[in-house]
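In: Fold the stuff below for me.
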Amino acid sequence: MKITRILLASSLFTLVLSVPLLVHQQTTQAAPPVPGAAAPAAPAGNCKAFGAGKCCNPDVTMHLAKEAVFSACGQSEATYLGEFAEKDTCRYHFKIAGEKSEETYVQVYSPVAKEVLDKPTDPFMSFKKVGKVWVTDKAKSPKAASQVAASTGLYMAGRGYFVSVAASTKVCTKPQAVTLSKAMK
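Out: Residues are numbered from 1 along each chain as shown. I've put the predicted structure just below:
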């Protein structure tokens with residue numbers, strides 16, 4: 001009888017403590033789209049779209065701003081051609097003499113992820129850690145050598161997301177990309 005009272009009392013105590021938590025939890029849901037409504041406006045600020053592209057989502061650009069690319073990679077508004085958005089991705093394009101503008105960019109990719117790896121895994125290249133960011137180091141195969149030579153990869157793990165940056169070596173040299181990694185959030 002005494003054990004039953006103890007179990008009942010502890011269960012009641014747990015219930016009393018959990019009720020305020022359950023009552024105050026609310027889920028936030030976006031309103032459904034209204035048929036015939038206009039598409040959302042471009043993000044505020046000084047967006048310059050590249051080609052037929054759209055302005056990048058601020059949720060992606062907050063992880064690496066174009067101004068950080070300008071500063072670390074020696075670029076400027078004069079060489080900046082604009083940004084091109086895709087899902088969870090933003091590419092900053094630059095004009096580099098003698099190069100195709102579609103290939104001269106710094107790309108930021110930052111998806112929401114349930115499981116985030118502490119470091120990147122790639123069977124074709126190795127990485128080294130510089131500060132809080134992993135940087136591509138060497139190619140492990142001849143096919144990957146051209147990719148490592150053409151761009152520098154950066155990877156940073158977050159809570160519920162990760163940030164991956166691919167910087168064309170024509171826009172940002174490897175030492176400049178290492179400097180750029182300090183601006184990743």
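In: going forward, measure contacts between C-alpha atoms and count neighbours the same way
Out: OK.
In: For residue 143, grab phi and psi.
Out: Main-chain dihedrals, residue 143, degrees, to the nearest 10: phi -70, psi -40.
In: Check the gap between residue 67 and residue 80 for me.
Out: In this structure, residue 67 and residue 80 are 10 Å apart, going by C-alpha to C-alpha, to the nearest Å.
In: The two: which has the busier surroundings?
Out: It is residue 80, of residue 67 and residue 80, that has more neighbours when counted by other C-alpha atoms under 10 Å, with 18 against 13.
In: Give me the phi and psi for that one.
Out: When read as degrees, to the nearest 10, the backbone of residue 80 gives phi -80, psi 120.
In: for it, what are its contacts?
Out: For residue 80, the contacting residues are 92, 93, 94, 95, taking C-alpha atoms under 8 Å, 6 or more residues apart in numbering as the criterion.
In: Also residue 160?
Out: 112, 113, 114, 115, 116.
In: Would you quantify the distance from the closest residue to the third one other than its chain neighbours to residue 69?
Out: This means residue 114. Among residues not flanking residue 114 along the chain, residue 160 sits closest, at 5.7 Å (C-alpha to C-alpha, 6 or more residues apart in numbering). Applying C-alpha to C-alpha, one obtains 24 Å for the distance of residue 160 from residue 69.
In: neighbours of residue 100, just the number please.
Out: Once other C-alpha under 10 Å is used to define contacts, residue 100 is seen to have 10 neighbours.
In: Check what pLDDT it gets.
Out: Per-residue confidence for residue 100 comes out at a pLDDT of 96.
In: repeat for residue 147
Out: Looking at residue 147 specifically, the model assigns a pLDDT of 93.
In: ok but it is inside a strand, no?
Out: No: the assignment for residue 147 is helix, going by DSSP: H, G, I helix; E, B strand; the rest coil, so no strand is present there.
In: check contacts around residue 66.
Out: By C-alpha under 8 Å, 6+ apart, the residues touching residue 66 are residue 92.
In: That'll do, ta.
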